[in-house]
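A.B. asks: Provide a 3D model corresponding to the input given below.
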Amino acid sequence: MQQDALILELQNGNQRAFERIYHLYSESTYGIIYSIVRDESIAEEVLQDVFLKIWDKAPSYNSNKGRFFTWILNIARNAAIDKIRSKSFKNNQQNLTSDNFVDILEAKTNFSEAVDAIGLKKYVKALKPVCKKLIDYLFFKGYTQKETSEELDMPLGTVKTRNRICIDKLRAMVIK
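C.D. replies: Predicted coordinates:
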């Protein structure tokens, strides 16, 4: 079944289309979620929530506003960020084991793997180092612009402006 027809079937409430969408996109969606929450069981929980949102919000998807995969990734990224900002997540993280610290340190070096997992590696490689850092913090680590500003010791206005410029450059490369 062609992707456009599959999406249309999903929007019409077809459960088989939903199962196919899950099969096609769950692995890469899980990868994005996991790169933000850094916990397998929480990532699986968020993944299930994401696919429930996809089912519920499928009629709102508009191909004129972007690709279907991008729409899914935005839902996943937002859900993962919401999860790590939740009070229950923060309370659970107060008693981290030493294994989590190793994972966190390793995560700082896995930016290229996260980028490659969604097929952006060749585009991100072409960006300047400051853009790579901003995209890593804002989109893969789930930092807010304020947190990124503090982490990179950069004024908030500069983070916002550079982020917009970097995303515009990335968008221009992908659309070519």
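
A.B. asks: Just the mean pLDDT for stretch 82-97, thanks.
C.D. replies: Across stretch 82-97, the average pLDDT comes to 66.

A.B. asks: I figured Lys133 hits Glu151, correct?
C.D. replies: No: using C-beta atoms under 8 Å, Lys133 is not in contact with Glu151, being 9.1 Å away. C-beta: built from backbone N, CA, C; applies to glycine.

A.B. asks: List the buried residues in the lengthiest helix in the chain.
C.D. replies: The longest helix of the chain (DSSP state H) is helix 15-37. Of all the residues in helix 15-37, those buried under the rule 16 or more other C-beta atoms under 10 Å are 17-18, 20-22, 25-26, 28-37.

A.B. asks: Export the helix or strand containing Thr161 to PDB, keeping only CA atoms.
C.D. replies: Here Thr161 sits within helix 156-175, counting by DSSP states H and E. The C-alpha coordinates for helix 156-175 follow below in PDB (Å, rounded to 0.1, in the frame of the first residue of the first chain):
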ATOM      1  CA  LEU A 156      19.200  33.600  25.400                       C
ATOM      2  CA  GLY A 157      18.500  35.900  22.400                       C
ATOM      3  CA  THR A 158      21.600  34.600  20.700                       C
ATOM      4  CA  VAL A 159      20.400  31.000  21.200                       C
ATOM      5  CA  LYS A 160      17.000  31.800  19.700                       C
ATOM      6  CA  THR A 161      18.400  33.700  16.700                       C
ATOM      7  CA  ARG A 162      21.100  31.000  16.000                       C
ATOM      8  CA  ASN A 163      18.500  28.200  16.400                       C
ATOM      9  CA  ARG A 164      16.200  29.800  13.900                       C
ATOM     10  CA  ILE A 165      19.100  30.400  11.400                       C
ATOM     11  CA  CYS A 166      20.400  26.800  11.900                       C
ATOM     12  CA  ILE A 167      17.000  25.300  11.400                       C
ATOM     13  CA  ASP A 168      16.500  27.400   8.300                       C
ATOM     14  CA  LYS A 169      19.800  26.200   6.900                       C
ATOM     15  CA  LEU A 170      18.900  22.600   7.700                       C
ATOM     16  CA  ARG A 171      15.500  23.000   6.100                       C
ATOM     17  CA  ALA A 172      17.000  24.500   3.000                       C
ATOM     18  CA  MET A 173      19.400  21.500   2.600                       C
ATOM     19  CA  VAL A 174      16.700  18.900   3.200                       C
ATOM     20  CA  ILE A 175      14.200  20.500   0.800                       C
END
